[in-house]
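1. task: produce atomic coordinates for the following.
(one chain, ligands or ions: 1)
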Amino acid sequence: MIEGSKTGKTNPIVTYGMVGGGEGAFIGDVHRHAIAFDGKARLVAGSFSRSMSKTLSTGEELHIDKDRLYETYAEMAAAEAARDDGIDFVAVVTPNASHYAISKAFLEKGINVVCDKPLTTDSGQAEELAELAKKNNLLFAVTYTYSGYPTVKHARAMIAAGEIGDIRFVNAEYPQEWLAEKLEDSGQKQASWRSDPAQSGISNCVGDIGSHIENTVSYMTGLKIKRLSARLDTFVENRILDDNATIMLDYEGGAKGVYWSSQIAVGHDNGLAVRVYGSKGSIRWRQEDPNYLEVAFLDKPAMKISRGRDTLKYRAESLVRVPAGHPEGYFEAFANIYKTYIDALVKKASGAELTEDDLDFPTPEAGATGVKFIEKCVESSKKDAAWLEF
Ligand SMILES: NC(=O)c1ccc[n+]([C@@H]2O[C@H](COP(=O)([O-])OP(=O)(O)OC[C@H]3O[C@@H](n4cnc5c(N)ncnc54)[C@H](O)[C@@H]3O)[C@@H](O)[C@H]2O)c1
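-> Modelled structure (predicted):
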């Protein structure tokens, strides 16, 4: 229950719980920091691990009351739904294959959900979650991080306004080095589950980072995929899933694109880059230098738009936190998604109508498209990179 939302308080207290994100986990901690950025929600419950002793130790570290630490997510969903002061939303930050069951358990109990990507390992299940959220009148966000950057939002607004003309070509890539060797054999937690189909799903590289390319391009450009042809490679010997992928795309309306995602690209950290070429100009964005957008117009010198110095369009300006030259990055992008989502929860609880801007966070429908993208890439690759309608 969002305290104060119906009593006219301007800053009501929102509470949340977390499933996953125990000791040694990666993204759960990022979510907690991102939520804390704006002080709009408080962590009060958790099932941080499949091991109760780890849940207890993580809970103690995070100052959570023992009676709100749960052995399983199902127990947590039931108990929190039954409390008068139950959580307002849950953050699901477990490996991919458990997202569906966990999200469903909370939605069925009437609890709002934020789930990390990819939304599920099956597009039918992702669509089911989207429908369930709608049916139960709940807000659901999927944390596709890169849609949270002000510069990405500015690019989206420029493209929507037709400033670079009709989009002709998109070239996007997400190269990483970290799986260039068989790291999963060392027992490294994040590599182990990502390379295991039972936890990761049918793809590793496309599922883990190709999905970020798909969402970032789609958010930035509004383009819809018409058909695609994909080749997934497994370069590291005896690895079960893909570690590199090349994808060609045709979009509705005639634009074309090429995506490359790779975890064997020696020398690259998190090199997500999106380049959009239109009939009148182009826009380039790199997540390792995310405070700037490179923009060029025909017959004019190329320029660099700076977050914090130049006026940004759409909601981007309102999400800028520090002046130009003080870099903002990954945490802030996550925080922007949460800020928008939590503001929407509070506004909805007050009975006010939510606008399109209020709902500017990645939806479960976008999550379902992302899962379908992974499925189509795997299917195409199995058919020797056959072109498949999307
Ligand atoms: N948005 C992004 O930029 C981004 C970045 C990294 C990871 N992710 C996504 O976040 C998810 C987690 O990835 P990670 O790298 O943090 O993994 P991780 O292995 O570091 O953490 C997973 C955590 O979930 C816990 N867990 C597993 N099953 C559980 C269950 N049934 N109940 C309670 N806890 C459970 C594990 O004990 C662990 O603490 C994945 O879906 C991944 O794709 C997203």
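2. Pro118 and His212 touch, don't they?
-> No: with contact defined as CB atoms under 8 Å, Pro118 and His212 do not form a contacting pair (9.5 Å). From N, CA and C alone the C-beta is placed, and that goes for glycine too.
3. with neighbour numbers in mind, choose between those two.
-> Using other CB atoms under 10 Å, the more surrounded residue of Pro118 and His212 is Pro118, with 30 against 22.
4. who's in contact with the more buried one?
-> Asn96, His99, Gly201, Gly207, Ser211, Gly367, Gly370, Val371, Ile374 (CB atoms under 8 Å, 6 or more residues apart in numbering).
5. quick check on it: phi, psi?
-> Here is the backbone geometry of Pro118 (degrees, to the nearest 10): phi -60, psi 150.
6. look up how far Val217 lies from the residue positioned nearest the centre of the chain.
-> Centrality entry for the chain: nearest residue to the mean C-alpha point is Tyr144, 1.5 Å, by CA atoms, centre = their mean. Distance, Tyr144 to Val217, using CB to CB, to the nearest Å: 11 Å.
7. so what's the single nearest residue of the stretch 201-350 of the chain relative to the ligand up against?
-> In the stretch 201-350 of the chain, the residue that lies nearest the ligand is Asp208 (5.8 Å; CB to the nearest ligand atom). Asp208 makes contacts with Arg194, Ser200, Gln263, as judged by CB under 8 Å, 6+ apart.
8. swap the cut-off to 7 Å and go again
-> Residues near Asp208 by CB atoms under 7 Å, 6 or more residues apart in numbering: Arg194.
9. pLDDT weak spots in the chain?
-> Within the chain, the stretches with pLDDT under 70 are 1, 3-11.
10. would you mind naming what in it lies close to the ligand?
-> For the chain, the contact set with the ligand under CB under 6 Å from any ligand atom comprises 19-22, 25-28, 47-50, 73, 93-96, 98, 116-117, 143, 145, 189-190, 193, 208.
11. just the buried members of the residues you listed?
-> In terms of neighbour count (16 or more other CB atoms under 10 Å), the buried residues within these are 19-22, 25, 27-28, 47-49, 73, 93-96, 98, 116-117, 143, 145, 190, 193, 208.
12. just the residues you listed: which are in helices?
-> In helices, defined here by DSSP state H, the members of those are Ile27, Gly28, Tyr73, Gln190, Trp193.
13. wasn't Val266 part of a helix?
-> No: counting by DSSP: H, G, I helix; E, B strand; the rest coil, Val266 is not found in a helix; it is coil.
14. check contacts around it.
-> Glu177, Ala180.
15. sorry, back to before: which two of the ones in helices among the buried ones among the residues of the chain next to the ligand have the greatest separation?
-> Distances among these were taken as CB to CB; the most separated pair is Tyr73 and Gln190, at 20.2 Å.
16. element containing the nearest residue to Ile111 once chain neighbours are set aside?
-> The shortest distance from Ile111 to any non-neighbouring residue, by CB to CB, 6 or more residues apart in numbering, is to Val90 (5.7 Å). Element membership for Val90, per DSSP states H and E: strand 89-93.
17. what pairs with that strand, parallel or antiparallel?
-> strand 14-20 (parallel), strand 112-115 (parallel) (DSSP bridges).
18. so how far is that strand off the chain centroid?
-> Relative to the centre of its chain, strand 89-93 is centred 13 Å away, using CA atoms, centre = their mean, to the nearest Å.
19. now stretch 298-306
-> With CA atoms, centre = their mean, you get 30 Å for stretch 298-306.
20. what do you get for stretch 333-341?
-> Here stretch 333-341 shows a centroid-to-chain-centroid distance of 11 Å under the convention CA atoms, centre = their mean.
21. other residues contacting that stretch?
-> 30-31, 34-35, 37-38, 40, 114, 139, 141, 143, 145-146, 148-149, 319, 360-361.
22. over to stretch 316-327?
-> 150, 153-154, 157, 291, 306-309, 311-312, 328, 332, 336.
23. if we go to 8 Å?
-> So stretch 316-327 is contacted by 148, 150-151, 153-154, 157, 291, 306-309, 311-312, 328, 332, 336, 339 (CB under 8 Å, 6+ apart).
24. restricted to strands, list these.
-> Members of those lying in strands (criterion: DSSP state E): Ser306.
25. can you turn the buried subset of the contacts of stretch 316-327 into a selection I can paste into ChimeraX?
-> Command for ChimeraX, covering only those of these found buried under the criterion 16+ other CB under 10 Å:
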select :148,150,151,153,154,157,291,307,308,312,328,332,336,339
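26. next up, phi/psi of the residue in the chain sticking out farthest from the centre, please.
-> Note on the chain: the largest C-alpha distance from the chain mean falls to Asp299, namely 36.5 Å (CA atoms, centre = their mean). Main-chain dihedrals, Asp299, degrees, to the nearest 10: phi 60, psi 20.
27. and if you look at Asn215?
-> phi -70, psi -40.
28. next, count neighbours for it.
-> Look at Asn215: counted by other CB under 10 Å, it has 23 neighbours.
29. wait, isn't it in contact with Lys117?
-> Yes: using CB under 8 Å, Asn215 is in contact with Lys117, at 7.2 Å.
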